[in-house]
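# generate coordinates for the sequence data below:
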Amino acid sequence: AKRTKSKQRSDGPIDLNQATFEQLRDLGLSVTQATRVIAYREREGGFESADDLVTVPGVSKKLLGELREQFTA
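Okay, here's the model as predicted:
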């Protein structure tokens, strides 16, 4: 069977405190959103949970809802 590339990662959720810019982009964040997530992480010393994403400017509750299962912290 032919495998298609999916945005859902098969190896589990990505740790927001370790995620690279490229990993964030692969999950569907815009360049600006990915940059802001990394800047927030560096400024605040990391994320306590994926729900902290909602405090990052430009990350809506709707987007968080779509991506929550793909992140851990």
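
# and stretch 33-40, how far out from the chain's middle?
In terms of C-alpha atoms, centre = their mean, to the nearest Å, the centre of stretch 33-40 is set 9 Å apart from its chain centre.

# mean confidence score for it?
Stretch 33-40 shows a mean pLDDT of 96.

# give me the contacts around it.
Stretch 33-40 is contacted from outside by 16, 19, 21, 24-25, 29, 47, 53, 55-59, 63, using C-beta atoms under 8 Å, 6 or more residues apart in numbering. Using the backbone N, CA and C atoms, a C-beta is placed for each residue, glycine as well.

# likewise for stretch 14-32?
7, 9, 33-35, 37-38, 41, 46-47, 50, 52-53, 58-59, 63, 66-67, 70-73.

# now do the contacts for residue 61.
Taking C-beta under 8 Å, 6+ apart, we find residue 61 in contact with residue 54.

# from the contacts of stretch 14-32, which land in strands?
Among these, DSSP state E puts 71-72 in strands.

# give me the buried subset of the contacts of stretch 14-32.
33-34, 37-38, 41, 47, 50, 52-53, 59, 63, 67, 70-73 (16 or more other C-beta atoms under 10 Å).

# can you pick out the most distant pair from these?
Using C-beta to C-beta, the pair of the buried ones among the contacts of stretch 14-32 lying farthest apart is 33 and 72, separated by 18.0 Å.
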